[in-house]
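Student: pasting the sequence and the predicted coordinates here, then a few questions.
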Amino acid sequence: MSLPVTDTSDRATTPRHVDTLIIGSGFAGLGAAIKLTKAGKKDFVVIERGHDVGGTWRDNTYPGAACDVPSHLYSYSFALNPDWTRSFSTQPEIQKYIAGVARKYGVMDKHVFGTDVTSARWNAETNRWDVETTSGNYTAKIVVSAVGALCEPNLPDIKGIHDFKGDVFHSAQWNHDVSLAGKRVAVIGTGASAIQIVPAIAGQVQHLDVYQRTAPWILPRADRPYTKLERFAFKHVPGFQRLSRAGIYAMRETQVVGLAKAPAFMKPLQWASENHLRTQIKDKALRAKVTPNFRIGCKRMLISNAYYPALAQSNVDLVTDGIAEVREGSIVTKDGTERPIDALVVATGFHVTDSPAYQGITGKDGRTLAETFDDGGQQGYKGAAVANFPNMFFLVGPNTGLGHTSMVFMIESQINYLVDALNTIDKHDIGTIEVRKDVQDEYNVTLQDQLAKSVWMNGGCASWYLDKHGNNTTLWPGFTFEFRRMTKNFDLDAYRSVATADLPSGSSANTSAGNNTDKVSAR
């Protein structure tokens, strides 16, 4: 999709100006586009590097890809899907849903697909963001980062991995042109993607080596097809689907007590997981290898009915010795054992607390978001704003992740906050707005105090939830309805704002000011 310009000769030199520029079109960016449209805002664009909406659900097409959140929770509240076929949906169904919502609400023409944002830099002279993309440049009054946490694959730093001569790919970049049938395959990792991939390919490969660094806690997957009667009721009985969704939501929220408040309450879930393990793994040696050595919930809890049986197959080996190097056609572990392979699947997760996307965003003090987070940790305010980055809002920002329920709920909460913020900016004709550093600091002190009691900090593990400073900058330490209440309204007093009329006369923000005379002085 190309930009709607009338003179392409000026495209490289004349940036296109928009009021709001959204980066990314997964659940967050797409939801923002829909809600901005509903709020009557027309001057915005969504820059998306992929060929379609969907984000992680567009990109992660590996065998067995599915969601570990119940289907009815994994949708927008304003666009419930009565057509889910299962209690836990597969990747194709989720991607079909997201694409259908985008087309239903008529926001596809607001997207520029196949385009990477290469940099976004705050311009103090114009009080605008200068945004460079692979399809032309932009200036924007407001930039919204909707870059998801699970979008930048984390490739392991293993000696010799680039010398491997066989097929190698990350789980998020699956090469469907490569057949694994009859091959000797290695999977590195035992996280959420790996436990779906391993059962999906174990039956077709000649031999499969699964390299485990840390054994995960795995719970039964209560997945089943919906009956015809249920699907009829979801579609035709008023309120039935919404009531089902509410019941699932309430049940999931009970886990917050053990995860964030009192880890001792995680014991029933751990007993369930231990029973699941004993039932599915009869071999004592293998059972010992896959038994975690930390409290459940400390790392992401996984669900599967097929992973343990796959490990027990005769053509599958679980390898717990660390990898020393990868050679042209094999993997060598630290005990000296060399195992020949034809293909290598890297299922080692994503850059979460150190996303490469942060390196291209430069704030008013000349530092990138990556440098800011590296110095003081990944801190923000309500997951929506970061000091020193004026006129920028974040969706799925710091400390908005969850360990128990649907991220879509958190995303919608943040979108509500964003839309109210933009309405406030328009109402008061605000030229620049930035969260106050003292407010942000106080907010994060409170967050870390709350997190100190959680299983994530007291479970005896190291996880991707934590940054290099040892702080949990990923997860929300409470009930999701508390976050929804906290983000219901934009709190202008937490921000330093400057009215458009008070900006320097040469500022483009001044020259493009609106007509609203209800102005806010510098705060």
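Tutor: Yep, it's here.

Student: would you tell me which helix is longest in this structure?
Tutor: Taking DSSP state H as the criterion, the chain has its longest helix at helix 407-427.

Student: now for that one, which elements pack on it?
Tutor: Packing partners of helix 407-427 (3 or more CB pairs under 8 Å, 6 or more residues apart in numbering; DSSP states H and E): helix 27-38, strand 136-145, strand 392-394, strand 430-435, helix 480-486. All C-beta atoms are positioned from the backbone trio N, CA, C, and that covers glycine.

Student: from these, which stretch is densest packed?
Tutor: For the helices and strands packed on helix 407-427, the largest average neighbour count (mean count of other CB atoms under 10 Å) is found in strand 392-394, namely a mean of 26.

Student: doesn't Leu269 belong to a strand?
Tutor: No - counting by DSSP: H, G, I helix; E, B strand; the rest coil, Leu269 is not part of a strand but helix.

Student: and the strands in the stretch 351-500 of the chain?
Tutor: For the stretch 351-500 of the chain, applying DSSP state E, counting those that start in this stretch gives strands covering 361-362, 392-394, 430-435, 495-499.

Student: relative orientation of the longest one and helix 407-427 in degrees?
Tutor: Right, strand 430-435. Put simply, strand 430-435 runs at 140 degrees to helix 407-427, going by axes from the mean of the first three to the mean of the last three CA atoms, to 10 degrees.

Student: and the angle for strand 430-435 with strand 136-145?
Tutor: Using the same axes, to 10 degrees: strand 430-435 against strand 136-145 is 50 degrees.

Student: pairing partners for strand 430-435, with directions?
Tutor: Looking at strand 430-435 with DSSP bridges, its partner strands are strand 495-499 (antiparallel).

Student: which parts of the partner strand are buried?
Tutor: Within strand 495-499, the residues scored as buried using 16 or more other CB atoms under 10 Å are 495, 497-499.

Student: ok, now stretch 122-135?
Tutor: Those would be 122, 126-131, 133, 135, for stretch 122-135 by 16+ other CB under 10 Å.

Student: surely Gly31 meets Ile415?
Tutor: Yes - assessed by CB atoms under 8 Å, Gly31 is found in contact with Ile415 at 5.1 Å.

Student: what's the overlap in contacts for these two?
Tutor: Both Gly31 and Ile415 are in contact with Leu395, where contact means CB atoms under 8 Å, 6 or more residues apart in numbering.

Student: and the gap between Leu243 and Val237?
Tutor: Taking CB to CB, to the nearest Å as the measure, Leu243 falls 9 Å from Val237.

Student: which stretches of the stretch 51-200 of the chain form helices?
Tutor: 56-59, 91-104, 194-202 (DSSP state H, counting those that start in this stretch).

Student: most packed of those helices?
Tutor: Most buried of the helices of the stretch 51-200 of the chain by mean neighbour count (mean count of other CB under 10 Å) is helix 194-202; its value is a mean of 23.

Student: so which residues make contact with that helix?
Tutor: With CB under 8 Å, 6+ apart as the criterion, helix 194-202 contacts 62-66, 171, 180, 185, 187, 208, 210, 216, 218, 302, 304, 306-307, 309-311, 313, 315-316, 345, 347.

Student: about what we covered before: between the buried residues of strand 495-499, which is nearest Ile411?
Tutor: Ile411 lies nearest to Tyr495 out of the buried residues of strand 495-499, by CB to CB, at 21.5 Å.

Student: quickly list what the closest one is bridged to.
Tutor: Note on Tyr495: beta-bridge partners by DSSP bridges are Val435.

Student: residues in contact with it?
Tutor: 385, 433-436, 439, 523.

Student: now the residues you listed as a markdown table including distance to Glu371 and pLDDT?
Tutor: As requested, the contacts of Tyr495 are arranged in a markdown table below (distance: CB to CB, whole Å; pLDDT from 0 to 100):
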| residue | distance to Glu371 | pLDDT |
| --- | --- | --- |
| Ala385 | 18 | 98 |
| Ile433 | 22 | 98 |
| Glu434 | 17 | 98 |
| Val435 | 18 | 98 |
| Arg436 | 20 | 98 |
| Val439 | 21 | 98 |
| Arg523 | 26 | 41 |
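
Student: distance to Met457 added to the residues you listed, as JSON lines?
Tutor: Compiled in JSON lines, those are given as follows (distance: CB to CB, whole Å):
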{"residue": "Ala385", "distance to Met457": "25"}
{"residue": "Ile433", "distance to Met457": "33"}
{"residue": "Glu434", "distance to Met457": "30"}
{"residue": "Val435", "distance to Met457": "25"}
{"residue": "Arg436", "distance to Met457": "27"}
{"residue": "Val439", "distance to Met457": "24"}
{"residue": "Arg523", "distance to Met457": "35"}
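
Student: now, which of the residues you listed sits nearest Lys453?
Tutor: Val439 (23.2 Å).

Student: how many residues are close by the closest one?
Tutor: The local packing of Val439 (other CB atoms under 10 Å) involves 18 other residues.

Student: for burial, what's the neighbour tally of the nearest residue to it once chain neighbours are set aside?
Tutor: Nearest in space to Val439, with sequence neighbours left out and distances taken as CB to CB, 6 or more residues apart in numbering, is Ala494 at 4.6 Å. Look at Ala494: counted by other CB under 10 Å, it has 17 neighbours.

Student: isn't Ala494 up against Lys437?
Tutor: No - the pair Ala494 / Lys437 is not scored as a contact, 10.9 Å apart, by CB under 8 Å.

Student: pLDDT below threshold where in the stretch 51-200 of the chain?
Tutor: Low-confidence segments of the stretch 51-200 of the chain (pLDDT under 70): 149-153.

Student: one more time with 90, if that's ok
Tutor: 148-158, 172 (pLDDT under 90).

Student: what about the strands in it?
Tutor: 111-112, 117-123, 128-133, 136-145, 167-170, 184-188.

Student: would you format those as CSV with distance to Phe232 included?
Tutor: CSV is the format used below for these (distance: least, CB to CB, whole Å):
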stretch, distance to Phe232
strand 111-112, 35
strand 117-123, 44
strand 128-133, 46
strand 136-145, 39
strand 167-170, 41
strand 184-188, 40
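
Student: closest to Asp157 out of these?
Tutor: Across those, Asp157 has its closest neighbour in strand 184-188 (11.9 Å, CB to CB).

Student: redo the helices of the stretch 51-200 of the chain as a markdown table? Include distance to Val256.
Tutor: Shown next, in a markdown table, are the helices of the stretch 51-200 of the chain (distance: least, CB to CB, whole Å):
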| stretch | distance to Val256 |
| --- | --- |
| helix 56-59 | 24 |
| helix 91-104 | 24 |
| helix 194-202 | 24 |
